[in-house]
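Peer 1: Have a look; sequence and predicted model below, questions after that.
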Amino acid sequence: MIKQIATTLCVSAAMAFFANVAGAVELRITGTTSGKFGDALKQELAEFEEATGNTVTVIPLPWDDNAKVSQFRLWLSSRTKDIDVYSMEYVWVPAFADHFIDLTDVTKDVLGNYFPATIKALTFEGKLLGLPRSADGPLLFYRKDLLEKHGKTPPKTWDELAATAKEIQEKERAAGNLDMWGFVFQGKSNENLTCEALEWIKSSGGGNIVEPDGTISINNENAAAALERAKGWIGTISPPGVLSYEEEDARGLWQSGNAVFMRNWTYVYGLSNADDSPIKGKLDVVPLPADSGEMSAPAFGARGLLVSKYSEHQKEAIELVKFLASKQQQKDQALQLAVMPTIPSLYDDTDVISAQPFMSTMKTVVESGALRPSGATRGNYNEASNLIWTAVYNTLAGKGTASENLEQLEAQLTDLKGDGW
């Protein structure tokens, strides 16, 4: 097993790495401790511990993004030495950039292995603050058996999605399944809704909400039309309760067999095809739709591993980061958990494609997915995102028109921007 791990690390680093067992230290990393993801992380850390003699304790994070950010703020503002490595979504990195070391020089031997987009996402003001451990992005899941039954093909535009969803929903209900819905997504007022708003708006020619140069572009006709269209789904092809749905709520309805289409993240693919899934073998995935003449704009996700400035074991923490972000560990994640790698070569790996056929579809998401405006809004992203998802939620819930809510959002973002983000 140690030989396998040695191949995962840079050979020169591994030599010193294994020679230092006598000076073993205890490291702490934030992450998940439950379910399949928690079990997989424990196995990875056990391999690292066996190879190095160091021990690693996982500090669990809350599920909710707002709660995560609050916890990060608490730990980092106190300059705690109790956490060495933080697992963090790229959108939160600018807000906490001052608390992490620059990894540019210490990872230059492996930087060429990763998608440039993932390195860019974790770079702020010229400093690489995290090594990309995993990528993510949404897909349009569809019931291939139902589309074949009703003579339909996967939709390429949002209007095609709505029309196909409505037709199949009505026919399936007429045939006896009164619980069938056409389309489910994550409508709860949280970070998911910011992602979806960006997807709907950008793929409809409405811009990036906040442009890379900091320009606030959200208040435009195409953006308003995209949100009004989504509002029209509620209660027609999407259940009214979708406004309280998070990822697992949408998956629950979908996996029970009562949805034709679903927008969700890649982790759902493996669960939907599990042996105990009622829809195993009945589903497939395609990129999210876009308006005619526009490009699909799935919200790009990248999770990095960052080393705290306050860690007393930075050398060992860097070794842990490089190990967990290595090609072998990312391949294991892809095979076992359907987690998207940040290393391009793994999308052409025959083992990965065989185990997770959807990976070939996801490569373009990592290369050209839509970036949320965290870099432009800098340390104000959490507040900006909160304003965005609130305006979108209000529109979907019928609390004002899209135009009214986007005009107010523009004013709120302008106030937040002040003299500069």
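Peer 2: Thanks, I have it.
Peer 1: can I assume L413 is in contact with T215?
Peer 2: No - assessed by C-beta atoms under 8 Å, L413 is found out of contact with T215, at 10.4 Å. No exception for glycine: its C-beta is placed from N, CA and C like everyone else's.
Peer 1: So for the two, which sits in the more crowded spot?
Peer 2: A count of neighbours by other C-beta atoms under 10 Å puts L413 above the other of L413 and T215, at 24 against 11.
Peer 1: Might you report the residue contacts of the more buried one?
Peer 2: V210, I216, I218, A384, L387 (C-beta atoms under 8 Å, 6 or more residues apart in numbering).
Peer 1: Quickly note the distance from the fourth one to P373.
Peer 2: Taking C-beta to C-beta, to the nearest Å as the measure, A384 and P373 are separated by 7 Å.
Peer 1: what about the strands in the chain?
Peer 2: 26-31, 55-60, 85-89, 123-124, 127-128, 131-136, 138-143, 181-184, 259-265, 283-286, 301-307 (DSSP state E).
Peer 1: Just send those strands back as CSV, with distance to K108 too.
Peer 2: Converted to CSV, the strands of the chain look like this (distance: least, C-beta to C-beta, whole Å):
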stretch, distance to K108
strand 26-31, 22
strand 55-60, 24
strand 85-89, 19
strand 123-124, 13
strand 127-128, 9
strand 131-136, 11
strand 138-143, 32
strand 181-184, 44
strand 259-265, 31
strand 283-286, 36
strand 301-307, 15
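Peer 1: Can you tell me which of the contacts of L413 is nearest I59?
Peer 2: A384 (27.4 Å; C-beta to C-beta).
Peer 1: how close does that closest one get to A121?
Peer 2: Applying C-beta to C-beta to A384 and A121 gives a distance of 17 Å.
Peer 1: If you count surrounding residues, which of the two has more?
Peer 2: Set A384 next to A121 and count neighbours by other C-beta under 10 Å: A121 wins out with 28 against 25.
Peer 1: coming back round to it: distance to S345, mean pLDDT and mean neighbour count added to the strands of the chain, as CSV?
Peer 2: Compiled in CSV, the strands of the chain are given as follows (distance: least, C-beta to C-beta, whole Å; pLDDT from 0 to 100; neighbours: other C-beta atoms under 10 Å):
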stretch, distance to S345, mean pLDDT, mean neighbour count
strand 26-31, 25, 97, 20
strand 55-60, 27, 98, 16
strand 85-89, 23, 97, 25
strand 123-124, 21, 94, 22
strand 127-128, 20, 98, 18
strand 131-136, 14, 96, 25
strand 138-143, 22, 96, 25
strand 181-184, 34, 98, 25
strand 259-265, 23, 97, 25
strand 283-286, 22, 95, 19
strand 301-307, 17, 96, 26
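Peer 1: still on that earlier bit, shared neighbours of A384 and P373, which are they?
Peer 2: V210.
Peer 1: Show the end-to-end separation of stretch 81-95, please.
Peer 2: End-to-end distance for stretch 81-95, by C-alpha to C-alpha, to the nearest Å: 19 Å.
Peer 1: So what's the gap between that stretch and the chain middle?
Peer 2: 15 Å (C-alpha atoms, centre = their mean, to the nearest Å).
Peer 1: try stretch 120-136
Peer 2: Taking mean C-alpha positions (C-alpha atoms, centre = their mean), stretch 120-136 and its chain are 14 Å apart.
Peer 1: what do you get for stretch 104-117?
Peer 2: For stretch 104-117, the distance to the chain centre is 21 Å (C-alpha atoms, centre = their mean).
Peer 1: And stretch 369-385, by the same measure?
Peer 2: 14 Å.
Peer 1: Can you show me the CA trace of that stretch as PDB?
Peer 2: Provided in PDB are the C-alpha atoms of stretch 369-385 (Å, rounded to 0.1, in the frame of the first residue of the first chain):
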ATOM      1  CA  GLY A 369     -18.600  26.500 -16.900                       C
ATOM      2  CA  ALA A 370     -20.100  29.700 -15.500                       C
ATOM      3  CA  LEU A 371     -18.200  31.200 -12.600                       C
ATOM      4  CA  ARG A 372     -20.200  32.800  -9.800                       C
ATOM      5  CA  PRO A 373     -19.000  36.400  -9.200                       C
ATOM      6  CA  SER A 374     -16.900  35.700  -6.200                       C
ATOM      7  CA  GLY A 375     -13.700  37.200  -7.600                       C
ATOM      8  CA  ALA A 376     -15.500  40.400  -8.700                       C
ATOM      9  CA  THR A 377     -17.300  40.900  -5.400                       C
ATOM     10  CA  ARG A 378     -14.200  39.900  -3.400                       C
ATOM     11  CA  GLY A 379     -14.900  39.600   0.300                       C
ATOM     12  CA  ASN A 380     -18.500  40.600  -0.200                       C
ATOM     13  CA  TYR A 381     -19.600  37.500  -2.100                       C
ATOM     14  CA  ASN A 382     -21.600  36.000   0.700                       C
ATOM     15  CA  GLU A 383     -23.600  39.200   1.100                       C
ATOM     16  CA  ALA A 384     -24.000  39.600  -2.700                       C
ATOM     17  CA  SER A 385     -25.100  36.000  -3.100                       C
END
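Peer 1: how near is A226 to W200?
Peer 2: 4 Å.
Peer 1: ok, back up a step: could I get the contacts of L413 as a markdown table with distance to A67 and pLDDT?
Peer 2: What follows is the contacts of L413, written out as a markdown table (distance: C-beta to C-beta, whole Å; pLDDT from 0 to 100):
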| residue | distance to A67 | pLDDT |
| --- | --- | --- |
| V210 | 24 | 97 |
| I216 | 28 | 98 |
| I218 | 26 | 98 |
| A384 | 18 | 96 |
| L387 | 19 | 98 |
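Peer 1: Could you dump these into CSV with distance to A334 added?
Peer 2: CSV is the format used below for these (distance: C-beta to C-beta, whole Å):
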residue, distance to A334
V210, 32
I216, 38
I218, 35
A384, 32
L387, 35
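Peer 1: Please pick the buried ones from those residues.
Peer 2: V210, I216, I218, A384, L387 (16 or more other C-beta atoms under 10 Å).
Peer 1: What sits closest to the last one if chain neighbours are left out?
Peer 2: Counting by C-beta to C-beta, 6 or more residues apart in numbering, L387 lies nearest to Q412, which is 4.9 Å off, once chain neighbours are set aside.
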